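# sequence-free structure coming up:
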């Protein structure tokens, strides 16, 4: 699991940063990721099958936070050509 995806209470660490950016008016996020970090792209993408499985269960209450981030922000995911150290970077641009 990428360290950016480590859960803090009930959501990944990186999601807290994105939620704060959204509150500041940022609506576009670029991620530069290593090919082995699919968890990040999967988390911020629409997964209809997972939503259908979770909705109506005790974990359904967590769908609101991530749905708000996904629906409000535009994401661009780019892969690094080579490993350059800090593998996952994201730039926040207010457009």
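Good, I have the coordinates. Nothing here was measured: the structure is a model prediction, and the numbers come from that model.
# where in the protein is pLDDT low?
Where the chain drops to pLDDT under 70, the residues are 83-95.
# In this structure residue 2 contacts residue 40, no?
Yes - assessed by CB atoms under 8 Å, residue 2 is found in contact with residue 40 at 6.3 Å. Where you see a C-beta, it was placed from the backbone N, CA and C, and this is true even at glycine.
# These two: which is more packed in?
Ranked by neighbour count (other CB atoms under 10 Å), residue 2 and residue 40 place residue 40 first, with 21 against 18.
# Would you map the helices across the chain?
For the chain, applying DSSP state H gives helices covering 13-23, 38-43, 48-54, 63-72.
# So which of these is nearest residue 32?
Closest to residue 32 of the helices of the chain is helix 38-43 (CB to CB; 10.4 Å).
# So what touches that closest one?
1-2, 4-5, 12, 14-15, 31, 33, 66, 77, 88 (CB atoms under 8 Å, 6 or more residues apart in numbering).
# residue nearest the centroid of the protein?
The centroid of the chain falls nearest to residue 44 when counting by CA atoms, centre = their mean (3.9 Å).
# that older thread, just the ones in strands from the contacts of helix 38-43, please.
Per DSSP state E, strands hold the following members of those: 12, 31, 33, 77.
# I figured the second one hits residue 78, correct?
Think residue 31. Yes - contact status for residue 31 versus residue 78: in contact at 6.9 Å, counting by CB under 8 Å.
# okay, these two: which has more neighbours?
Per other CB under 10 Å, whichever of residue 31 and residue 78 has more neighbours is residue 31, with 19 against 10.
# how much space between residue 49 and residue 29?
Distance, residue 49 to residue 29, by CB to CB, to the nearest Å: 24 Å.
# The residue nearest to the centre of the chain is in contact with residue 68, isn't it?
No - taking contacts as CB under 8 Å, residue 44 lies outside contact range of residue 68: 11.9 Å.
# Neighbours of residue 43, how many?
The burial count for residue 43: 18, using other CB under 10 Å.
# now swap in residue 73 and tell me
Count around residue 73 with other CB under 10 Å applied: 17.
# Repeat that for residue 38.
Residue 38, neighbours per other CB under 10 Å, totals 13.
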